[in-house]
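Novice: Here is my input; please provide its structure:
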Amino acid sequence: MSHESRRFGRMGLSLICVLSLAWTVFAESSDQGWGTFPQNAAEAARFLEYSTWGPSASYINSVQEVGFLRYLEDEFSATPSSYPTLPLVPATIPTDCDATCRRDNYSLYPIQIRFYTNALYGPDQLRQRVAFALHQIIVVSGVDITHPSRMTPYLQILDRNAFGNYRQLLQEITLNPAMGNYLDMAGNNATNPNENYAREILQLFTIGLNKLNEDGTNAIGDDGKIVPAYDQNVVNAFARVFTGWNFAAAPSQGIVNYIDPMVATQNRHDTQPKTLLDGVTLRANQTAAKDLSDALDNIFNHPNVGPFVSKQLIQHLVTSNPSPDYVRRVARVFADNGLGVRGDMKSIIRAILLDPEAAENPTLTVRGRLKHPVLLVTNLLRAFNAGSAAGGGYSDGYLNPQNQNMGMDLFAPSSVFSYFSPFTGVPGSNMRGPEFGGLNTSTAIRRANFVNTMVFSRINVSTTTPVNAPYGTALNFSAIQNLSNDPEQMVLTLNTLMMSGRMSGPMADAIVAAVKAVPTTDPLKRARTAVYLIATSAQYQVSR
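Specialist: Residues are numbered from 1 along each chain as shown. The predicted structure follows:
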């Protein structure tokens with residue numbers, strides 16, 4: 001452990017406090033939005049913080065060259081990286097399945113490394129960010145779905161529908177076998193309806209527990225109390241809707257079909273009338289498919305869905321505490337994209353990323369979000385063109401142990417509420433900050449240790465079997481080293497690349513002084529010193 005990392009270890013609790021305080025030291029900003037083109041490189045970098053896995057010099061230049069709207073259209077048409085369909089395997093590990101076989105077929109390793117290679121090098125950065133936001137809203141967890149071949153069709157649905165329509169997403173995710181397993185819709189039958197999927201599609205995926213105003217705030221009844229969006233009778237009715245569905249025909253003996261959508265067995269479906277949201281009643285004797293389609297329409301058209309989903313997408317992409325006006329503006333686009341279409345994801349994403357509140361001057365706003373471990377990893381690695389440990393090639397993507405060590409196991413959230421409770425607040429404030437649920441003395445130290453590993457060392461090639469890291473991962477500081485004789489310019493450049501120009505004056509002065517304390521004969525150490533001090537700071541780890 002380096003001197004810097006040991007020093008941080010004694011200050012772990014202090015960093016938690018500093019990260020919390022970083023949310024409260026800024027005043028509210030003006031309503032000025034983005035222009036057609038970014039005013040400068042820092043503004044382009046800030047836009048990329050919301051729309052990619054992290055700004056890089058090449059992406060900053062691209063946004064400056066083409067402008068915001070053209071950049072979004074290019075992202076909408078970019079070739080999806082996604083995940084390959086993997087061969088299904090038996091539920092029980094065969095006796096002749098060695099360590100490599102178990103890793104590749106019975107752990108999340110293949111999709112975790114694919115995620116990171118996509119995030120670092122894929123051309124579809126915006127699709128990836130939106131798909132991951134949807135994963136955090138519509139959760140299937142690798143805690144239960146441990147086979148990568150069973151998880152990939154779920155991830156493909158999120159990728160495929162990230163720029164599609166939310167109604168189609170609901171259709172596909174409802175019949176996804178991994179979801180059917182995770183929330184017990186697979187095998188659900190009329191004699192004993194299971195309410196798990198019914199409860200979560202309402203509570204977490206679409207509507208929420210309470211009736212909402214258009215701006216996402218709770219509706220208040222005449223009695224001065226919050227109005228529930230539905231009651232247990234409605235949950236029971238939806239549980240009966242979702243009966244009769246199970247896995248499609250097995251492709252071979254002993255293999256469960258997790259690739260094709262679930263199929264209905266009509267004699268296991270409840271055919272009695274069902275009263276759903278807002279008193280809408282499904283007629284008796286409808287097929288399972290008709291009941292499901294009508295029920296999803298009933299959910300999708302509920303007035304809560306726009307503000308509920310829009311607010312969560314804003315929180316995952318831009319800020320944990322959007323104003324009611326911000327939510328209202330996006331919810332209206334959810335309701336109608338201007339062409340009479342409800343749930344159009346491209347229009348919703350445009351509205352979120354181009355909103356005046358997303359464009360607020362980051363040095364003048366209390367809004368922001370703590371970078372969760374996956375974002376911390378991708379932001380740092382993309383900023384410095386991560387490649388293989390030996391150089392000359394790509395990273396192998398073996399990075400989940402890093403974010404797992406910081407409290408976030410990729411694709412294995414602890415519950416249907418995702419990686420962090422959505423109800424977690426920022427310590428010492430009345431603001432929401434779900435990611436703070438994973439921040440404590442231990443994980444704060446591990447964040448600094450991760451930065452120390454990547455900045456002063458690397459992730460080496462594996463020397464054991466199975467070879468999890470065949471190429472390793474290292475950062476490239478050559479561009480920053482070239483500025484080593486001009487510490488002020490070095491810090492100014494890093495301020496744009498890493499912090500979108502929001503570094504405070506005192507912080508910049510302190511880092512310049514630290515760089516100058518390193519001999520000019522060691523340009524690499526000068527670059528590493530500056531990057532380490534920035535990446536371990538509260539101002540960097542709380543994104544605005």
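Novice: Now for Ile314: which residues touch it?
Specialist: In this structure, Ile314 makes contact with Pro322, Tyr326, Val327, Val330, Ile352, judged by Cβ atoms under 8 Å, 6 or more residues apart in numbering. For the C-beta atoms, the positions are set from N, CA and C on the backbone; glycine is no exception.
Novice: which among those residues gets closest to Gly221?
Specialist: Gly221 has its nearest neighbour among the contacts of Ile314 in Val327, at 20.7 Å by Cβ to Cβ.
Novice: Not counting sequence-adjacent ones, nearest residue to Gln489?
Specialist: The shortest distance from Gln489 to any non-neighbouring residue, by Cβ to Cβ, 6 or more residues apart in numbering, is to Leu483 (5.2 Å).
Novice: what number of residues lie near the one you found?
Specialist: The criterion is other Cβ atoms under 10 Å. On that basis, Leu483 has 20 neighbouring residues.
Novice: State the pLDDT value of it.
Specialist: Among the per-residue scores, Leu483 holds a pLDDT of 98.
Novice: sorry, back to before: distance to Pro434 and neighbour count added to the contacts of Ile314, as a markdown table?
Specialist: A markdown table is the format used below for the contacts of Ile314 (distance: Cβ to Cβ, whole Å; neighbours: other Cβ atoms under 10 Å):
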| residue | distance to Pro434 | neighbour count |
| --- | --- | --- |
| Pro322 | 13 | 26 |
| Tyr326 | 17 | 25 |
| Val327 | 16 | 26 |
| Val330 | 19 | 28 |
| Ile352 | 17 | 25 |
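Novice: Show me which pair in those is furthest apart.
Specialist: Greatest spacing in the contacts of Ile314, by Cβ to Cβ: Val327 and Ile352 (10.0 Å).
Novice: Which neighbours do the two have in common?
Specialist: Ser310, Ile314.
Novice: Tell me the one of the contacts of Ile314 nearest Leu494?
Specialist: Ile352 (27.6 Å).
Novice: element containing the closest one?
Specialist: helix 345-354 (DSSP states H and E).
Novice: got the contact list for whichever helix or strand comes after that helix?
Specialist: Remark: after helix 345-354, the chain's next helix or strand is strand 369-370, criterion DSSP H and E. The list of residues contacting strand 369-370 from outside it, by Cβ under 8 Å, 6+ apart, reads Leu19, Gln315, Val318, Thr319, Ser320, Gly433, Glu435, Phe436, Leu439, Gln541, Val542, Ser543.
Novice: any idea which of these is closest to Ser500?
Specialist: Distances from Ser500 to these, taken as Cβ to Cβ, are shortest for Ser543 (8.4 Å).
Novice: Report the contact partners of that closest one.
Specialist: Contacts of Ser543 were listed using Cβ under 8 Å, 6+ apart, and they are Glu49, Gly368, Arg369, Leu370, Lys371, Leu375.
Novice: Dump the contacts of Ile314 into a markdown table; add secondary structure as well.
Specialist: What follows is those, written out as a markdown table (DSSP: H, G, I helix; E, B strand; the rest coil):
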| residue | secondary structure |
| --- | --- |
| Pro322 | coil |
| Tyr326 | helix |
| Val327 | helix |
| Val330 | helix |
| Ile352 | helix |
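Novice: Just name the closest of the residues you listed to Ser504, please.
Specialist: Pro322 (24.0 Å).
Novice: The closest one touches Ala358, doesn't it?
Specialist: No. Checked against Cβ atoms under 8 Å, the pair Pro322 and Ala358 is beyond contact range at 9.0 Å.
Novice: Quick check: the closest residue to Val426 other than its chain neighbours vs Arg46, distance?
Specialist: Closest residue in space to Val426, ignoring its immediate chain neighbours: Gly433 at 3.7 Å, by Cβ to Cβ, 6+ apart. Taking Cβ to Cβ, to the nearest Å as the measure, Gly433 falls 20 Å from Arg46.
Novice: neighbour-wise, which of the two wins?
Specialist: Taking neighbours as other Cβ under 10 Å, Gly433 and Arg46 compare with Arg46 leading, 27 against 23.
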